[in-house]
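Enquirer: structure for the following, please:
(2 chains)
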Amino acid sequence: MNKSTRDVLFASLFAVAAFAVDAAFSLGLSSYAVSALLDPLFEFTIPLLLVDIGIMLMNSKVGAIELGIISALLYALSFLFFLVPGMVVSGIMMSVLGALLGFRTRKGAVANSTAFSLINGELSLLMGGILLGSSGILKVTNTILILLFPVFLIEGVAMGFLSFSLFSYLVRAGLIKEGNLKGHEQVRETKGTLD
Amino acid sequence: MRLFNVLSGIIYGFLMVTSALLSNGLVTYLLSIPLVVNRWKVVVLEAILITVSTVLLLITGRIYFYPFTLRGMTFLNLFLIASTRLDKSSLVDLAGERGVPVVVGLTYYPYLTSTARELLFYAKARRKSPLSISLPLVVVLVRTAYDLWNSYVIKLSGEFKRGHLKLGVHDYLLVLTGVVGLFLSLVMRF
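Expert: Numbers count the residues shown, from 1 in each chain, chains lettered A, B, ... in the order given. You can find the predicted model right below:
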């Protein structure tokens, strides 16, 4: 059927799901006001997992960009402007990485997840320092930007591996049938049956 | 439960969003509660979130950020109203084929939450911990997306009948609520 409509639909579904979880964290705990450092740390747990699964499911270059733009629009609507540029840039970056490494391979999943967390984390810290003022409990300085780099890296890599294992579970369960499923059939033979 | 026409829904949404952006969002949030009151768990969760965030903002001395939380909760309520209280056949009448993806997108979250509730019910009946259903929840998330996509593909071939765009008394009441919200938010500034 019409693949562009499918991409828009899936991108909006997963962007809204990830945004809802992240907004519950950042608005409910008002982490953006306490310090600009707290928001990315919460964002790269469950919301990042949802974004990863959405991108692996869509398996298209346009879909990744659309997911970034839709989530940027959602954040702009709820006045969290410091997250907007990171979302757009990381959407484009994930599209490029997916085209190079493949969206559904282990390498591609980890690379996409890491790119999302690194770009979003650093850019949202920078923009949060500019827009919200760096006068929170913890100030945003160059040292903190460098110190938090490995934290974002570890979060992104961990969520990439987790999302890959969840996706191959979905393939083994028989939910996803179309598209490129090369790396996932080996998992079925080695891991045995499901219960 | 009355379903609202899409025309009155669009006007109501526009008025509510405008009043939320112009004011601090308290009046708009309170006016949006009666339409989601049948989902009282959501309302309780929102109240807890607002309380926690206000307390944290008071502690850190940044109370001037509190409209953000209220606006976010208002937008969440508006999304819930759009997905549960909207007459979807009127939306298809208005927009034709192009309205179908919107209908599918709006149907996603009620359908997902009802399926997740069933999952939680069966996990409870088998005395499993609620944490153990995280993997099945992902499966439900993806399966729901695929199911709705399949239903969208099937529905595309059908005829879209005209003649559902009739406004009732409750539609005018909805628009009136939006107008009242706009005026109250312009008058009550604090």
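Enquirer: center of the chain, which residue is that?
Expert: I went with chain A, as the question did not name one. Most central residue of chain A, judged by C-alpha distance to the mean C-alpha position with CA atoms, centre = their mean, is residue A:48 at 3.7 Å.
Enquirer: should've been chain B
Expert: Taking CA atoms, centre = their mean as the criterion, residue B:80 is the residue nearest the geometric centre of chain B, at 1.3 Å.
Enquirer: which residues does that residue contact?
Expert: Contacts of residue B:80 were listed using CB atoms under 8 Å, 6 or more residues apart in numbering or on different chains, and they are B:36, B:39, B:42. (Each C-beta comes from the backbone N, C-alpha and C, glycine too.)
Enquirer: same deal with residue A:175?
Expert: Going by CB under 8 Å, 6+ apart, residue A:175 touches B:139, B:142, B:143, B:146.
Enquirer: follow-up on the earlier one: narrow the contacts of residue B:80 to those that are buried.
Expert: Buried subset of these (neighbour count, 16 or more other CB atoms under 10 Å in any protein chain shown): B:36, B:42.
Enquirer: may I see the buried residues of the top helix by length along chain B?
Expert: Of all segments of type helix in chain B, defined using DSSP state H, the longest is helix B:99-125. In terms of neighbour count (16+ other CB under 10 Å), helix B:99-125 has its buried residues at B:99-109, B:111-112, B:115-116, B:119, B:123.
Enquirer: for burial, what's the neighbour tally of the closest residue to chain B within chain A?
Expert: Of all residues in chain A, residue A:28 sits closest to chain B, with a separation of 3.5 Å (CB to the nearest CB). Applying other CB atoms under 10 Å in any protein chain shown, we find 20 residues neighbouring residue A:28.
Enquirer: now do residue A:178
Expert: Neighbour count of residue A:178, defined by other CB under 10 Å: 6.
Enquirer: what secondary structure does it sit in?
Expert: Under DSSP: H, G, I helix; E, B strand; the rest coil, residue A:178 falls in the coil class.
Enquirer: coming back round to it: residues contacting the residue nearest to the centre of chain A?
Expert: Applying CB under 8 Å, 6+ apart, one finds that residue A:48 lies in contact with A:18, A:113, A:116, A:117, A:155, A:156, A:159.
Enquirer: surely it is in a helix?
Expert: Yes. Note on residue A:48: a helix contains this position according to three-state DSSP.
Enquirer: per-residue pLDDT, it?
Expert: In the prediction, the pLDDT value recorded for residue A:48 is 90.
Enquirer: repeat that for residue A:68.
Expert: According to the model, residue A:68 scores 92 on pLDDT.
Enquirer: surely it meets residue A:87?
Expert: Yes. Shown here, residue A:68 and residue A:87 form a contact pair, counting by CB atoms under 8 Å, at 5.0 Å.
Enquirer: around chain B, which positions in chain A sit nearby?
Expert: Taking CB under 8 Å from any CB of the partner chain, the part of chain A that reaches chain B is made up of A:1, A:5-6, A:8-10, A:12-14, A:16-17, A:20, A:23-24, A:27-30, A:32-34, A:50, A:53, A:57, A:77-80, A:136-137, A:166, A:169-170, A:173, A:175-176.
Enquirer: just the buried ones from the residues you listed?
Expert: Buried, going by 16+ other CB under 10 Å: A:5-6, A:8-10, A:12-14, A:16-17, A:23-24, A:27-30, A:32-34, A:50, A:53, A:57, A:78-80, A:136, A:166, A:169-170, A:175-176, out of those.
Enquirer: can you list which of these are found in strands?
Expert: With strands defined by DSSP state E, no entry of those lies inside them.
Enquirer: so where is chain A shaky, pLDDT-wise?
Expert: Segments of chain A classed as low confidence (criterion: pLDDT under 70) are A:1-2, A:32-37, A:132-140, A:183, A:185-195.
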